[in-house]
Structure formats: structure tokens, C-alpha cells
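A.B. asks: Got a predicted structure plus its sequence, pasted below:
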Amino acid sequence: MNEFNPTRIELARKYRGWTKKELAERSGMTPTYIGILVGNPTANLTESSIEKIAYATSLPLSFFMLREPGLDWNRLAFRRKKRITLNLSNRICAEFEMLTDMVSRVSSMSNVPDDTASWLDEIAPTLDPQAQGVRDIAANTRAILGLPSTGAVRNMIRIVERKGVIIAPLTTKVADSVSDGVTYPGKALIGYFPENKPGDRLRFTIAHELGHLVLHRYRRPKDVSLMEREANEFAGEFLLPES
């Protein structure tokens, strides 16, 4: 049936952290048939099949009808430590992609202007800044968000959301396998993992991810560790300027 999007089956499977065999077993189908549904959408993609998958994954039928273009998961900004499993990485990426889908749909239904966070485009560097350059960008960001040049930030989430950046918790259980947040270039959206995190760590997480949105909107260092150092430098200077 043409109204169903077969790529959503893979997204749902990865979001749940299942193998194709597990999805098949939970849906009452064979792994071969699941492979056919994903690889050849014109072959036996029936409403009955999608209903079984929707029931197994606890996702609505409408989820499998969406046509939003997928994200390039390699461009997501979150630390993939060596001990992180592919399963967990897929679950994080899938949930963040689903979050971007939801934000896009809600924004379109609410007639929210597309340029609510256009200030990110204006401040984002196109060339590699040095350490002092990162701190200067953090200071400029404070000014754009209406903060004084010195002093602590009273409410990190509120001050950022007032300037059009959406901040939302993610449900994937990550423990300490990865960093505490996720962002994507070009999306004014920050996802974070709240599980058992103290307030100061969450505040730094939001500032760190804001650093990614600003610093890596138009440039992406080949060295991932440099990206993280830049985001940390930004977060520290943004939350409590050295001066």
C-alpha cells in the first residue's frame, strides 16, 4: 500500500533496539518477510503487515505513513565511546530522528515561523576558531540571549528556549555510555538524557549542546575530540565567564 513508508519499519526497529529476527518474532512474521518489506516496499506491503508491526512496536499506524526525510546519523553530535554498542547508538539516533519529526509536524500545525532561531546562522563561525575565539563566540551568544556579560545563568533551558531552540528529554537509557545530549547541524533542537543526572550536570549538558549548535553549524572538525573540547570551552564560558 503506497501510503506506508517502508523506511519507518527500520526506524521503529532500531528505536526499539531489536534485530530483524526479534521484530519478526514479535510481529508474528518471518525475518525473510521483514527483509522484503524493508528492501522491496512494492512486495506485499499490506495494511495487515503494518498493523502487526505497529502493535509490536507500540507505535501508531500514522508513524509508518510519515514521509519526512531521514537524518544523516553520522552528523549527529554525541560522543560515541568505544564501549557503546551499535544497538545503543542506533536507539539514540532513531529516537532523536523521531523527535525531529515530531517537532517538524507540531511546528507546521502551529504555524510557527521557520526563522525563530535565525540568530544561530548569524553567529555560527565558518572557519576554525582558536580557544579565545570560542570564548568570544560564547560571550556573543550570551549577549544575543539577553544575558549580562558576567554572572551565572539563572535558568539554562528557559533562556535558550526563549530564542527558538527547542530542548527535550530523551527516554533511551544510556547510563554513562555516551555524552548527556544530542544535537544535529541545522536543527534548532537539543535532546538530553535526564536519567539520574544532577542539575549542574544537566545545565552544562544544555550549554555544551548549544555550543555544538553554534560552533558546528557550518563546520565540522575531522577530530571528534576537538569538537567536544570546543563545545566544553563554549559551555564553561557561557555558564560562568572567566572574567
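C.D. replies: Looks like it came in fine.
A.B. asks: In what element of secondary structure is residue 172 found?
C.D. replies: Assigned by DSSP states H and E, residue 172 falls within no helix or strand.
A.B. asks: how far away is it from residue 106?
C.D. replies: Separation of residue 172 from residue 106 (C-beta to C-beta, to the nearest Å) stands at 21 Å. In this view, the C-beta of every residue, glycine as well, is placed from N, C-alpha and C.
A.B. asks: Between the two, which is the more surrounded one?
C.D. replies: The neighbour count for residue 172 versus residue 106, taken as other C-beta atoms under 10 Å, is higher for residue 172 (20 against 11).
A.B. asks: List the residues that contact that one.
C.D. replies: Contacts for residue 172 were tallied using C-beta atoms under 8 Å, 6 or more residues apart in numbering; they are 88, 91-92, 95, 193.
A.B. asks: Could you do residue 202 as well?
C.D. replies: With contact set as C-beta under 8 Å, 6+ apart, residue 202 has these partners: 156, 180, 192, 194.
A.B. asks: give me phi/psi at it?
C.D. replies: Dihedral angles of residue 202 (phi, psi; degrees, to the nearest 10) stand at phi -70, psi -40.
A.B. asks: for this structure, longest helix please?
C.D. replies: As assigned by DSSP state H, the longest helix anywhere in the chain is helix 86-110.
A.B. asks: So which elements touch it?
C.D. replies: helix 7-16, strand 166-169, strand 189-192 (3 or more C-beta pairs under 8 Å, 6 or more residues apart in numbering; DSSP states H and E).
A.B. asks: quick one, which of those is packed in tightest?
C.D. replies: Burial of those is given as mean neighbour count (mean count of other C-beta atoms under 10 Å); strand 189-192 ranks first at a mean of 24.
A.B. asks: Which residue ranges of the protein form helices?
C.D. replies: For the chain, the helices defined by DSSP H occupy 7-16, 20-27, 31-39, 47-57, 86-110, 119-123, 131-144, 156-161, 199-215, 224-239.
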